[in-house]
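**Q** 3D model of this:
(one chain, ligands or ions: 2)
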Amino acid sequence: MKTALTIAGSDSGGGAGIQADLKTFAAHSVYGMSVITAITAQNTVEVRSVQNIDEQIIQDQIEAVFDDLKVDAVKIGMLSSPSIVTTVAETLAKYQPNHIVLDPVMVSKGGHRLLAEDAISALKEELMPLADIITPNIPEAEILTEQKILNELDMKSACISFKKLGVKSVLLKGGHLSTDPNDLFYDGENFYWVKGKRVHTKNTHGTGCTLSSAIAANLAKGNTLLTSVQLAKAYIEVAIEHSLDLGNGHGPTNHFYELYKRAHLMNQ
Ligand SMILES: Nc1ncnc2c1ncn2[C@@H]1O[C@H](COP(=O)(O)OP(=O)(O)OP(=O)(O)O)[C@@H](O)[C@H]1O
Ligand SMILES: Cc1ncc(CO)c(N)n1
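**A** Ligands and ions are numbered 1, 2, ... in the order given. Sure, this is the predicted structure:
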């Protein structure tokens, strides 16, 4: 069985973070493993509090996984502090995994900071160059490239700025523009639009986590980066289309819709 490792924060509400990542791996029949960087007390409405995990325990978790198990792909999500970014970068550099997908998570849907402001430079300098692909949304890309992104032309120019920052490839997510959610994939040479149709729902909790984990799962299965991105986009669109009306805020996506449908298990 192919395997994938997520290095991310825990979401007690189950829709984002480690929980979304492991569900996504399972939906792709990829064996999931996890390194927890922070615990968030979170639901569909808000993040109430965050406890960062001790850096030594984070390093120990990564080493415990790599020293025993094969890792076909790694996905990185919430990293919280500058020292956690450095710990993850230094420990991964030792193992040089085949595929690294970095989702530069900064702020939750409800507006809570998930990455300290003073961790941004460490993320840019230490971790972004290690990743095979980064998956910023527009506000994250604006901060990382220090430029405004108002339309699809600006998206292209931001991708080129990422290349200048030493990034190998980018999927710049267009979900935050008012148009259809078209994402732009740039492999350092060519641009590919990965187009989507906007689903009118408030239930988009964990969409970024789910998309980046789906890319990692598809890379673990041996697909190319472009194919992995295209398959992941199709997967997230179905998950949003059949999202779950749970909680009073942004409900979670439906990670297992296709599986449940095939097994006639849907009860809604
Ligand atoms: N309403 C929507 N309908 C269809 N696709 C969407 C919608 N919103 C976002 N997407 C797509 O979902 C994927 C995740 O993008 P999004 O911009 O929501 O990530 P994000 O802001 O990083 O998410 P998160 O809040 O989990 O961090 C992208 O492919 C985006 O285009
Ligand atoms: C733990 C965690 N990671 C990432 C996000 C971003 O969706 C979130 N809300 N919570």
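**Q** quick check, Asp154 in contact with Ala141.
**A** No: taking contacts as C-beta atoms under 8 Å, Asp154 lies outside contact range of Ala141: 9.3 Å. Placement of C-beta: from N, CA and C, glycine included.
**Q** just the strands in the stretch 151-268 of the chain please.
**A** With DSSP state E, counting those that start in this stretch as the definition, the stretch 151-268 of the chain shows strands at residue ranges 170-172, 183-186, 191-194.
**Q** which other helices and strands contact the shortest one?
**A** If I follow you right, that is strand 170-172. Judged by 3 or more C-beta pairs under 8 Å, 6 or more residues apart in numbering; DSSP states H and E, the packing partners of strand 170-172 are strand 133-134, helix 152-164, strand 183-186.
**Q** return the most buried member of these.
**A** Highest mean neighbour count of these: strand 133-134, a mean of 25 (counted as mean count of other C-beta atoms under 10 Å).
**Q** show me the contact partners of that strand.
**A** By C-beta atoms under 8 Å, 6 or more residues apart in numbering, the residues outside strand 133-134 that reach it are 100-104, 128, 162, 167-171, 215, 225, 229.
**Q** quick one: that strand to chain centroid distance?
**A** Taking C-alpha atoms, centre = their mean, to the nearest Å, one finds strand 133-134 lying 9 Å from the centre of the chain it belongs to.
**Q** I'd like the next helix or strand past that strand.
**A** Next along the chain after strand 133-134, taking DSSP states H and E as the criterion, comes helix 138-145.
**Q** which stretch among the helices and strands packed on strand 170-172 comes nearest ligand 2?
**A** Smallest distance to ligand 2 across the helices and strands packed on strand 170-172 (C-beta to the nearest ligand atom): 14.8 Å, for strand 133-134.
**Q** now check stretch 240-257, is it near ligand 2?
**A** No: residues of stretch 240-257 contacting ligand 2 under C-beta under 6 Å from any ligand atom: none, with a closest distance of 9.1 Å.
**Q** between the two ends of that stretch, what distance do you get?
**A** End-to-end span of stretch 240-257 (C-alpha to C-alpha, to the nearest Å): 10 Å.
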